[in-house]
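Asks: Predicted model follows, preceded by the sequence.
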Amino acid sequence: MKKWLVLTAVLAMPAASAFADEATGTIDAISPDERRVTIDNGMTFAVMPRVDLSQFAVGQRVKLTYTPTTLTFQSLGLHGNAEEVVAVN
């Protein structure tokens, strides 16, 4: 059973990354405790733990690579799970 679950998880990984999207904007709010970032277009993202939020500040322009969330999470105000956040000029 464990081997089947691992195999399923490995096979699902490439498919999940195939649905990644990008958003660029200026940071309006950062919530380090909740690991959330909101950009100036009103989109809020849950940020993965590997992203160091201390490197970013309100007013900074960034590009987020994210996986869109389900409608359930969108109803809570989350638009995606950001796997990467980088500063842009």
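Replies: Now that the structure is in, tell me what you want to look at.
Asks: for the longest strand seen in the chain, packing partners?
Replies: Looking across the chain with DSSP state E, the single longest strand is strand 21-31. Using 3 or more Cβ pairs under 8 Å, 6 or more residues apart in numbering; DSSP states H and E as the contact criterion, the elements in contact with strand 21-31 are strand 36-39, strand 61-68. Backbone N, C-alpha and C define where each C-beta goes, glycine included.
Asks: Could you give the separation of the shortest one from the chain centroid?
Replies: When you say that, I think you mean strand 36-39. On the basis of Cα atoms, centre = their mean, to the nearest Å, the separation between the geometric centre of strand 36-39 and that of its chain is 9 Å.
Asks: Can you list the neighbours in contact with it?
Replies: Under the contact criterion Cβ atoms under 8 Å, 6 or more residues apart in numbering, strand 36-39 has outside partners 23-31, 44-47, 53, 56, 62, 64, 78, 82, 85.
Asks: Please apply the same query to the last one.
Replies: Contacts of strand 61-68 with the rest of the structure, by Cβ under 8 Å, 6+ apart, involve 16-17, 19-27, 37, 39, 45, 56, 79-89.
Asks: Mark which of those residues are buried, thanks.
Replies: Among the contacts of strand 61-68, the ones that count as buried by 16 or more other Cβ atoms under 10 Å are 23, 25, 27, 37, 39, 45, 56, 79-83, 85.
Asks: and of those, the nearest to residue 69?
Replies: Within the buried ones among the contacts of strand 61-68, proximity to residue 69 (Cβ to Cβ) peaks at residue 80, which comes in at 5.4 Å.
Asks: Not counting sequence-adjacent ones, nearest residue to the closest one?
Replies: Using Cβ to Cβ, 6 or more residues apart in numbering and skipping the chain neighbours, the partner closest in space to residue 80 is residue 66 (3.4 Å).
Asks: Distance check, the one you found against residue 29.
Replies: Here the distance between residue 66 and residue 29 works out to 16 Å (Cβ to Cβ, to the nearest Å).
Asks: more neighbours, those two?
Replies: Neighbour comparison, residue 66 and residue 29: the larger count goes to residue 66, with 24 against 11 (by other Cβ atoms under 10 Å).
Asks: If the more buried one is in a bridge, with which residues?
Replies: Beta-bridge pairing of residue 66 under DSSP bridges involves residue 21, residue 82.
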